[in-house]
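1. Starting from these lines, generate the structure:
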Amino acid sequence: MGVNLQVLGMQSVPRLAKKLGVRLSFPARALSVPLPPDDFRRLLDDCGRILDSFFKQFKVSWGDVYINSDIGLERMAIAQEMQLCSHDSILDIGCGRGYFSIAAAKSSQTVVGIDLMDGVERPGWWRNFNTCMDELNLCDRVSGVKSDAERLPFRSSSFNVAAAVHSIRNFRSYRSVKAALKEMKRVVAKGGRVIIVESLPVARTKAQESHLLMFKCKTKYTLGELDYLPEEKVAEMFQKTGFQRINIKRLDTTGARHHHSFA
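-> Numbers count the residues shown, from 1 in each chain. Next up, the predicted model:
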């Protein structure tokens, strides 16, 4: 059982149980707050046992797990907003576990996900990525490549769309983001699109206000992550990278919990 989709199972199990008419004791808001490592592993094990029974008794698939998770629903909404086409080739910058790659593959021809995960800090990262795509029968359409977004190993005009979904905050600096934008522009064919999707620094609840304050403190005193970017900053980086046509949209995919800016 692949760990990447099993993580999503922690979100989808309550929703699947409700649809299947199954009563079970499982936290309805799994992963809504950070958990200590031991608690997380126990919850993951419990989730695995529940999913195994769903697979056997109700013929639930890993695709069902994905589209019933909060992350899967959100990524599918983002892919739909992008209006991807069946002939598109997509480059997923900072693909992480591949959650957007999955959504993009459902509407396009091929997807290449790139990330710098090297197996040292996260052993088995690409093995888990490939297992995830295999469980969803997407191996023929989705591939993962270890690469730095500032030096993409692709020829110019190789893709129709280059997208960075919830990934630019993990870049080292604004300079790194602008360098990646230049590379994304280079590898996208004429008439294609370069898209950045990020959560806005917007809070509608006290919990969201607390999260933004804590995240700002984290980015101030640690290395490796940028703060949430306002729309003006994203537009400025596109302009300084030489883009002539810039379109910004707001998308609220899950009520008050996620507010995204598209550029």
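
2. quick check, R175 in a helix?
-> Yes. Counting by DSSP: H, G, I helix; E, B strand; the rest coil, R175 is located in a helix.

3. Count the neighbours of it for me.
-> 11 (other C-beta atoms under 10 Å). Just so you know, the C-beta spots here come from the backbone N, C-alpha and C atoms, and that holds for glycine as well.

4. The one 10 residues further on now?
-> Neighbour count of K185, defined by other C-beta under 10 Å: 16.

5. what does G144 give?
-> G144, neighbours per other C-beta under 10 Å, totals 24.

6. so it makes contact with G113?
-> Yes. G144 is in contact with G113 according to C-beta atoms under 8 Å; the separation is 4.7 Å.

7. any shared contact partners between the two?
-> C95, G98, S101, F129 (C-beta atoms under 8 Å, 6 or more residues apart in numbering).

8. So which of those wins on neighbours?
-> Busiest of those [other C-beta under 10 Å] is S101, holding 30 neighbours.

9. could I get the shared contacts of G144 and G113 as JSON lines with distance to L213 and secondary structure?
-> JSON lines is the format used below for the shared contacts of G144 and G113 (distance: C-beta to C-beta, whole Å; DSSP: H, G, I helix; E, B strand; the rest coil):
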{"residue": "C95", "distance to L213": "29", "secondary structure": "coil"}
{"residue": "G98", "distance to L213": "31", "secondary structure": "coil"}
{"residue": "S101", "distance to L213": "32", "secondary structure": "helix"}
{"residue": "F129", "distance to L213": "33", "secondary structure": "helix"}
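
10. Report the secondary structure state of P14.
-> helix.

11. gap between it and D64?
-> Separation of P14 from D64 (C-beta to C-beta, to the nearest Å): 13 Å.

12. Compare neighbour counts for these two and give me the winner.
-> Using other C-beta under 10 Å as the criterion, P14 and D64 rank with D64 on top: 21 against 17.

13. Identify the residue nearest the more buried one in space, chain neighbours excluded?
-> L16 (6.7 Å; C-beta to C-beta, 6 or more residues apart in numbering).

14. what's the burial count for the one you found?
-> Number of residues near L16 (other C-beta under 10 Å) recorded here: 21.

15. With A207 instead?
-> 12.

16. for P230, same thing?
-> That count, for P230 with other C-beta under 10 Å as the rule, works out to 14.

17. That one contacts P201, doesn't it?
-> Yes. Judged on C-beta under 8 Å, P230 makes contact with P201 at a distance of 6.3 Å.

18. How far off centre is the lengthiest strand in the chain?
-> Longest strand in the chain, counting residues (DSSP state E): strand 188-199. Its chain's C-alpha centre and that of strand 188-199 lie 15 Å apart, by C-alpha atoms, centre = their mean, to the nearest Å.

19. The chain: helices as residue ranges?
-> 3-20, 37-58, 62-67, 70-82, 99-105, 125-135, 174-187, 206-221, 231-240 (DSSP state H).

20. which helices and strands does the shortest one pack with?
-> Looking back up the chat, that one is helix 62-67. With contacts taken as 3 or more C-beta pairs under 8 Å, 6 or more residues apart in numbering; DSSP states H and E, helix 62-67 sits against helix 3-20, helix 70-82.

21. who's in contact with A79?
-> So A79 contacts F100, A103, A104, K106, S107 (C-beta under 8 Å, 6+ apart).

22. low-scoring stretches of the chain, by residue?
-> In the predicted model, the chain carries pLDDT under 70 at residues 1, 28-34, 119-121, 223-224, 254-263.

23. okay, now the domains of it?
-> 3-67, 85-262 (automatic domain parsing).

24. which stretch among those comes nearest M76?
-> Among these, the nearest to M76 by C-beta to C-beta is domain 85-262 (4.8 Å).

25. from the shared contacts of G144 and G113, which single one is nearest V7?
-> Taking these together and measuring to V7 by C-beta to C-beta, the closest member is G98, at 11.5 Å.

26. ok so, going back, in JSON lines: the helices and strands packed on helix 62-67, plus distance to F54.
-> Shown next, in JSON lines, are these (distance: least, C-beta to C-beta, whole Å):
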{"stretch": "helix 3-20", "distance to F54": "6"}
{"stretch": "helix 70-82", "distance to F54": "16"}
